[in-house]
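[1] Next one to model:
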Amino acid sequence: MAMKRKHDASASIDHARPPPDEGAASTGPQASQSTPVEYYPRKRIAIACNVCRFRKTKCDAAKPSCGFCTDLGIECTYRKPTVGDRVKPAGPPPEALVNIERRLSQLEARLESTNQVVQNSMLSPSISTNSEVLLSHECRSRGSSVNRGVADYINANVSNPSVSTPVSYDFAYRQTATEALTARPSLLTFRAPPYIHVESWDYTAEFYDDEILADRSESPENQAPGLDYFARGCRILERLSLRTGSLPTLQCRVLQASYFKFAIRPMQTWNSITQAARDCMHLLTSRILERMSGSEQEAFHRVFWACSTILHELEATMKMHPTGLRHFHEIVSLPQFEEEDSGFYYFLAQISLRKFLTQSLEVVGYHSGRVIYAPVVTKELQKQVREWYDHLPSAVRFPMDATPVFDSRKSFLRGQYIALFVVLGWPSVLKIMEHGESGDGVLLDHETLTVTKDQAQGCIRGCCLFLSIADEQSMGRKMGTHFTLWAAYAMLATLIITFNCPALAFVEETRQEHHIRNAYEILRPWDHLPMIHRGLERIRILMRQAGLADMDGVLGEPPAPVALGPQTE
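    So this is what the prediction gives:
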């Protein structure tokens, strides 16, 4: 007991002494203010040794042996510290902090750019003021009441579509918002998913090589007539290219782009029309339009929508970067007309169809595991497109089947109309093929499976229907030939990919070879174009893989190329 009292006395003396930290902390307020926060003294919780804990005596927690164990001459052991007792780990190194700061700066920059895009899409006050001036002009149409009502319907559906354009776009290089997630075959690229047993391809670099060198490799005898006059006009236009606010310069740019489009020079078309679109956006952001007369504003509206239709066609086919022209769609009035003319009806119908197609590429797609496949959305879009057709005026109304129309405008609208249904139904085809390959199609409920099959069947039948009427635009050069060639190739590749697919056995057209034969024959006269020549080589590979190599007359030599002279529409 004496030994115990001796230990208690020594321990009480030791605890009565102020610890060094407390003495240092009482040196005055000036010293404490200059001390960094991390060096402030903190009360330390002593951990008793195992002997003192067992005997329930006070322990001075000295290391390596406490006073009690030292006096007794026994081994002093401490328990291992728990998580709460461990020393606070050291902070991250300076390099990590710098890296975090850099990444935060990048995120802030992206957020600012996204906010700017949203603000531009919602229109700034200055642009809204200009739009009030542009939209204040009343329609001067003197047509019949029936056709005027039709035009009003088209205007309303284009200016205020129920399927709104997204406020921000996927600005990934040469792709729309859904293209990176949706396997769509085209002349340039196709990324085959695992459930489609064909090789992927990417001819983007080769395509641009050919387009850049096209004007250097063409022989003089193959040049289109009047090329010297066109070249002289281009030189004059280049001297006036710095006149941003010149309406005649904008009109000449559209004519230049139309010539290149007629000649099937997509890259030159893009270069020319983007200059016109750039100047249109500059004018819409300024107040110059307020000082224009009514006729000049009407001419500008026609230039703007002509740029829009050509530009978005190239974006959809060449996978080019969006220029931002779509953000101005809601503030520019549609072209108006004083007389009933099929040309103006055709222009309005083309604008609305092109807008439908552009929006469909932005919101309709398919990727396994993503909430991008939406048959309900697709069904609603198809309903709106049918309503658009129901309100077409007789001047541009076309038959729904393959009946010849002998009118290049009607045939082109019919091709775009059918192509739109193919684009809307293609995600359902991918859905059926993937579930048929993996064998888990039972996961779809009966109603969803029925809708998906109907949309997939409509897509395949739409491909066959488009290819049966494509020769109306591909026989000779027309303004719609460029789009028809790209669309015909995509639908031909679609038919080969889905040929004899077990999951699509409910679609009769997937077992019919004559659709593929006819499509190949449509593209063969254009084999002299490098992009078509390369695409047909890929088609022959796909046909052999699908067991179609023994088709008589399909894999022979291509016929003579199509004449380069202009055709009367």
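
[2] Pass me the low-pLDDT residue ranges in this protein, would you?
    In the predicted model, the chain carries pLDDT under 70 at residues 1-46, 81-93, 112-181, 215-225, 340, 361-373, 437-444, 549-569.

[3] Which residue ranges of it form strands?
    Remark: strands assigned in the chain by DSSP state E are 189-190, 201-202.

[4] For residue 321, which of these is the nearest?
    strand 189-190 (15.1 Å; C-beta to C-beta). No exception for glycine: its C-beta is placed from N, CA and C like everyone else's.

[5] Let me have the strands of the chain in a markdown table, adding mean neighbour count as columns.
    Shown next, in a markdown table, are those (neighbours: other C-beta atoms under 10 Å):
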| stretch | mean neighbour count |
| --- | --- |
| strand 189-190 | 20 |
| strand 201-202 | 16 |
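
[6] what's the closest of the ones you listed to residue 507?
    Closest among the strands of the chain, using C-beta to C-beta: strand 189-190, at 20.6 Å.

[7] Show me what the closest one is packed up against.
    Secondary-structure packing of strand 189-190 (3 or more C-beta pairs under 8 Å, 6 or more residues apart in numbering; DSSP states H and E): strand 201-202.

[8] circling back: compare the strands of the chain and give me the one nearest residue 459.
    Nearest of the strands of the chain to residue 459, taken as C-beta to C-beta: strand 189-190 at 16.2 Å.

[9] Can you pull out the residues in contact with that closest one?
    183, 184, 198, 200, 201, 202, 203, 204, 319, 493 (C-beta atoms under 8 Å, 6 or more residues apart in numbering).

[10] Can you tell me the strand partners of it and which way each runs?
    strand 201-202 (antiparallel) (DSSP bridges).

[11] quick one on the thing from earlier: name only those of the contacts of strand 189-190 that count as buried.
    Buried by 16 or more other C-beta atoms under 10 Å: 183, 184, 198, 201, 203, 319, 493, out of these.

[12] now, which of the residues you listed lie within helices?
    Among the buried ones among the contacts of strand 189-190, the members found in helices (DSSP state H) are residue 493.

[13] can you redo the buried ones among the contacts of strand 189-190 as TSV with distance to residue 410?
    Shown next, in TSV, are the buried ones among the contacts of strand 189-190 (distance: C-beta to C-beta, whole Å):
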residue	distance to residue 410
183	32
184	27
198	35
201	34
203	33
319	29
493	26
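
[14] Next, give me the two most distant ones among the buried ones among the contacts of strand 189-190.
    Pairwise distances among the buried ones among the contacts of strand 189-190 were taken by C-beta to C-beta; the largest, 19.6 Å, belongs to 198 and 319.

[15] I'd guessed residue 453 sits against residue 505; true?
    No - Residue 453 is beyond contact range of residue 505, at 10.9 Å (criterion: C-beta atoms under 8 Å).

[16] who has more neighbours, the two?
    In terms of neighbours (other C-beta atoms under 10 Å), residue 453 is the more surrounded of residue 453 and residue 505; the figures are 18 against 11.

[17] Can you read off the backbone torsions of the nearest residue to that one once chain neighbours are set aside?
    Spatial nearest neighbour of residue 453, chain neighbours left out: residue 506 (6.2 Å); criterion: C-beta to C-beta, 6 or more residues apart in numbering. Backbone torsions of residue 506, given as degrees, to the nearest 10, read phi -70, psi -10.

[18] Could you give the number of residues near residue 506?
    As a burial measure, residue 506 scores 10 neighbours (other C-beta under 10 Å).

[19] Equivalent analysis for residue 514, please.
    Residue 514, neighbours per other C-beta under 10 Å, totals 10.

[20] swap in the one 4 residues further on?
    By the measure other C-beta under 10 Å, the count of residues near residue 518 is 15.

[21] for residue 301, same thing?
    Using other C-beta under 10 Å, residue 301 has 18 neighbouring residues.

[22] how much space is there between it and residue 307?
    Distance, residue 301 to residue 307, by C-beta to C-beta, to the nearest Å: 11 Å.

[23] Residue 254 now?
    As judged by C-beta to C-beta, residue 254 and residue 307 stand 7 Å apart.

[24] Give me the more crowded residue out of the two.
    Neighbours were counted for residue 254 and for residue 307 using other C-beta under 10 Å; residue 307 has more, 25 against 19.

[25] Grab the nearest non-local neighbour of that one.
    Nearest to residue 307 is residue 277, by C-beta to C-beta, 6+ apart, at 4.6 Å.

[26] And the contacts of strand 189-190, which two are furthest apart?
    By the measure C-beta to C-beta, 198 and 319 form the most distant pair in these, at 19.6 Å.

[27] give me phi/psi at the closest residue to residue 546 other than its chain neighbours?
    Among residues not flanking residue 546 along the chain, residue 499 sits closest, at 4.8 Å (C-beta to C-beta, 6+ apart). Note on residue 499: its backbone torsions stand at phi -70, psi 130 [degrees, to the nearest 10].

[28] tell me the contacts of residue 499?
    So residue 499 contacts 510, 511, 513, 516, 546, 548 (C-beta under 8 Å, 6+ apart).

[29] so what sits against both of residue 254 and residue 307?
    Applying C-beta under 8 Å, 6+ apart, one finds that residue 254 and residue 307 are jointly contacted by 273, 276.

[30] coming back round to it: run a quick neighbour tally on the residue nearest to residue 307.
    A total of 25 residues lie near residue 277 under the criterion other C-beta under 10 Å.

[31] Can you list the buried residues in stretch 530-544?
    Buried residues in stretch 530-544 (16+ other C-beta under 10 Å): 530, 531, 532, 534, 535, 536, 538, 539, 542, 543.

[32] sorry, back to before: which of the strands of the chain sits closest to residue 261?
    Closest among these, once you apply C-beta to C-beta, is strand 189-190, at 21.7 Å.

[33] which residue ranges form the helices in the stretch 151-300 of the chain?
    Counting by DSSP state H, counting those that start in this stretch, the stretch 151-300 of the chain has helices at residues 204-212, 214-217, 227-239, 247-262, 266-285, 294-318.

[34] between the ones you listed, which one is nearest to residue 359?
    helix 294-318 (10.1 Å).

[35] That closest one - contacts with which helices or strands?
    Helix 294-318 is packed against helix 247-262, helix 266-285, helix 342-363, helix 481-497, with contacts defined by 3+ C-beta pairs under 8 Å, 6+ apart.

[36] Looking at the ones you listed, spot the one closest to residue 398.
    The closest of those to residue 398 is helix 342-363. By C-beta to C-beta, the value is 9.8 Å.

[37] Now do that closest one: which elements does it pack against?
    Packed against helix 342-363, as judged by 3+ C-beta pairs under 8 Å, 6+ apart, are the following elements: helix 145-159, helix 294-318, helix 375-390, helix 408-438.

[38] Show the contacting residues for the nearest residue to residue 375 once chain neighbours are set aside.
    The shortest distance from residue 375 to any non-neighbouring residue, by C-beta to C-beta, 6+ apart, is to residue 451 (4.7 Å). Taking C-beta under 8 Å, 6+ apart, we find residue 451 in contact with 375, 376, 379, 428.

[39] tally of neighbours for the first one?
    Read it as residue 375. When neighbours are defined as other C-beta under 10 Å, residue 375 has 22 of them.

[40] Same check on the last one?
    The burial metric for residue 428, expressed as a neighbour count using other C-beta under 10 Å, is 23.

[41] for it, what are its contacts?
    Counting by C-beta under 8 Å, 6+ apart, the residues that residue 428 touches are 366, 373, 375, 378, 451, 452, 453, 455, 456, 459.
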